[in-house]
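Enquirer: Just the structure for this:
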Amino acid sequence: MRYAFAGDRDISVKVLAFLIEKGHSPLALLLSGSKRSSHAQGLSQLSNLPQNMIFEGLSFNNENNIAFLESLELDYIIGIHFPYIISQRILKIPSVGFINLHPAYLPYNRGWHTPSWAIMEGTKYGATLHFMDLKVDEGDIINQKECVILPSDTANSLYQRVKEVELEVFQQSLVDLVSLNPPRKKQLGEFTAHSKADLALIQQINLEENVNAGDLINKIRALTTNDLMESSFFIIDNKKYCVRIDIIEDISNG
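Expert: Got it, this is the predicted structure:
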């Protein structure tokens, strides 16, 4: 299996380590740019690739670098939380396809902030390995698994749990990927999708509004991420107060 690896975040390090452990080393490495990257150094060290086979930020779109990737005769480009829109030309480089591991149960929660919207909208949640196409997160599904949303989950805790499900989905799919003929299932029926900017539209709590208590709790836990700037908030006397939540199941009588 000939592949280039495009990734970021801790889940990408785990997936690349798994691939290398199973005897499948990357031929090239695509990394997030320095301002967006969290695990570029770990991926670089793990890949053991020379610097001329490692592309940072959007440099993979450079004409010479595209030609280099084309020369590798890749079966796949494997994307793991790689935060860039991929052009048609890049999508066409691998003979089998550019595949992506997405923290959602597609077709629900295409796009950004998937655990937040799954909690807010009550949609099925999980992890999906799928082919990429020009429309974000709409490509054919290779494999997916549900991650049940617990009443105690915040967006942050759900995201931490779904990363383990993502790894399981990828591990389960390796035999199919190596065969160069992985299954493809069309995404059909109802779907949900959100842009990165959508989260800001729901953050403010109107203190004058009468709301269902359950809806308010769901909103606060959906906006309890690892980033305080994404939290729900209210304003009093022109001062902004951020609201986060910690939900703990009472097992004292269990």
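Enquirer: From here on, just use CA atoms for contacts and neighbour counts.
Expert: OK.
Enquirer: mind listing the helices in the stretch 1-150 of the chain by residue range?
Expert: Residue ranges of the helices in the stretch 1-150 of the chain, as given by DSSP state H, counting those that start in this stretch, are 9-21, 40-47, 63-71, 88-91, 114-121.
Enquirer: Ala193 is nearest to which of these?
Expert: Nearest of the helices of the stretch 1-150 of the chain to Ala193, taken as Cα to Cα: helix 114-121 at 8.8 Å.
Enquirer: to the chain's geometric centre, what's the distance from the closest one?
Expert: 14 Å (Cα atoms, centre = their mean, to the nearest Å).
Enquirer: So for that helix, what gets flagged as buried?
Expert: Within helix 114-121, the residues that count as buried by 16 or more other Cα atoms under 10 Å are 114-120.
Enquirer: Check which helices and strands it sits against.
Expert: Packing partners of helix 114-121 (3 or more Cα pairs under 8 Å, 6 or more residues apart in numbering; DSSP states H and E): helix 155-178, helix 213-222.
Enquirer: Mind checking those for the one nearest to Gln51?
Expert: Closest approach to Gln51 among the helices and strands packed on helix 114-121 is made by helix 155-178 (26.4 Å; Cα to Cα).
Enquirer: Next SSE downstream of that closest one?
Expert: strand 193-194 (DSSP states H and E).
Enquirer: Quick check: buried residues in stretch 46-61?
Expert: Residues of stretch 46-61 classed as buried: 47, 49, 53-55, 57, 59-60 (neighbour count, 16+ other Cα under 10 Å).
Enquirer: Could you work out the most separated pair of those residues?
Expert: Ser47 and Ser59 (18.2 Å).
Enquirer: show me where pLDDT drops low in the chain?
Expert: Scanning the chain with the threshold set as pLDDT under 70 gives 34-37, 253-254.
Enquirer: how's it carved up into domains?
Expert: Domain assignment of the chain by automatic domain parsing yields the ranges 3-193, 197-243.
Enquirer: Show me what stretch 57-70 is in contact with.
Expert: Residues outside stretch 57-70 that contact it (Cα atoms under 8 Å, 6 or more residues apart in numbering) are 28, 30-34, 84, 90, 93-94.
Enquirer: 7 Å instead, please
Expert: 30-33, 93 (Cα atoms under 7 Å, 6 or more residues apart in numbering).
Enquirer: coming back round to it: let's have the buried residues of stretch 46-61 in TSV, adding distance to Arg2.
Expert: Conversion of those to TSV gives the following (distance: Cα to Cα, whole Å):
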residue	distance to Arg2
Ser47	14
Leu49	14
Met53	14
Ile54	16
Phe55	17
Gly57	22
Ser59	21
Phe60	17
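Enquirer: Which ones among these map onto strands?
Expert: 54-55 (DSSP state E).
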